[in-house]
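Q: Using only what follows, build the 3D model:
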Amino acid sequence: MSFDRMNPSRHRGGWVAVAVAVAALLIAALLVGQALTPRSAAPDQPRAAALDPTPSSIEQSPEESPPAAAPAPDGLPVVDYDPAPKGFPADPATMDTTPMTEGVHPTRRIAAYDAPGGRPLAFLEPTLAGVELTVPIAERRVGWTAVLLPSANRRLAWLPPGGFDIVALRDQIVVERKVHRLTWYRAGKAVRSWETSLGQPGQETPLGRTFILGRTPPPQDVYGGVDIYALGSVPDDPKAVPTGLRGAHIGLHSWYNDDELGQNTTNGCIRVTRSGQRELLAEVRPGSSLVVVDQLPTPPPTA
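A: Predicted structure coming up:
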């Protein structure tokens, strides 16, 4: 993973980017701290046993059968840290702040489709950029499971049965752009809120549902010496970010000071205090959902 090559005098920053773990690419990138921390380095988290990917709350008639999955050609692209392939459907509930309480962890390479019984467009693998991949479940239909697509904004991927485990997700993060507030929820209840700094004009923090992809050590002192969370989202306008950040992901991280909290000064990332970031790193597992809205109808009790 690579990050914004910060100029500390400008106090701009906030994009996170991965560099493929090949020495030649690392040299070409001229960046440091580019590998996501392996999942094993994060606190152990409980995993639910593999479940039927169709919940009991969805009624099905005995005669109803899942739409068949078309065979996936071997030559399909694999979803990685670069922008995801085109053609995946929009997330119709992208601004929904209802917690997503389950995720999918691929146990082998699996095909991702544009609809139940639709076209296979890409593969998901058990790891992405060296970390264990868990993507939140956004929707279910008979025999098919829709997840938030990594390396894309506000897009879903549909998965047929098989080839993945269901993972319990207890946490959610909600970011409000207008009031510069981040709130951490557990089991639907607000735990803590922090003031944030967000994307500057033209590089606004993207709205909608995304998720925590993985964590990485800070590549520069300006990040305050605290690990960074890379998110599944990317810049809405890649051409608006500095050249060194092209191909970057949105990040959740701290800064060497808190002077710009409550302002729009980053390249799209979400900044919190160092103590807040440490708490989130200790408590919130990768795969947990994060949704960015303009403002909640009612402030959380922790505001």
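
Q: State whether Asp236 is indeed within a helix.
A: No. Following the definition DSSP: H, G, I helix; E, B strand; the rest coil, Asp236 is coil and is not counted among the residues of a helix.

Q: Is there a neighbour count for the closest residue to it other than its chain neighbours? I'd like the number.
A: The spatial neighbour of Asp236 that comes closest, neighbours along the chain excluded (C-beta to C-beta, 6 or more residues apart in numbering), is Pro206 at 4.9 Å. All C-beta atoms are positioned from the backbone trio N, CA, C, and that covers glycine. For Pro206, the number of neighbouring residues by other C-beta atoms under 10 Å comes to 20.

Q: In this structure, what helix or strand scores lowest on average pLDDT?
A: When the helices and strands of the chain are compared on mean pLDDT, DSSP states H and E, helix 23-29 comes out lowest with a mean of 31.

Q: wait, doesn't the residue nearest to Asp236 sit right on Val241?
A: No. Taking contacts as C-beta atoms under 8 Å, Pro206 lies outside contact range of Val241: 11.9 Å.

Q: where's the closest residue to Leu231 other than its chain neighbours, which helix or strand?
A: If the residues on either side of it in the chain are set aside, Leu231 comes closest to Ile250, at 4.6 Å by C-beta to C-beta, 6+ apart. Using DSSP states H and E, Ile250 sits within strand 249-253.

Q: Next: Thr183.
A: Going by DSSP H and E, Thr183 is in strand 181-186.

Q: Repeat that for Ile212.
A: Per DSSP H and E, Ile212 falls inside strand 208-216.

Q: ok so, going back, C-terminal to the strand holding Thr183, what's the next element?
A: Per DSSP H and E, the first helix or strand lying C-terminal to strand 181-186 is strand 189-195.

Q: Need the contact partners of that following strand.
A: Under the contact criterion C-beta atoms under 8 Å, 6 or more residues apart in numbering, strand 189-195 has outside partners 180-185, 261-262, 272-273, 276, 279, 300-303.
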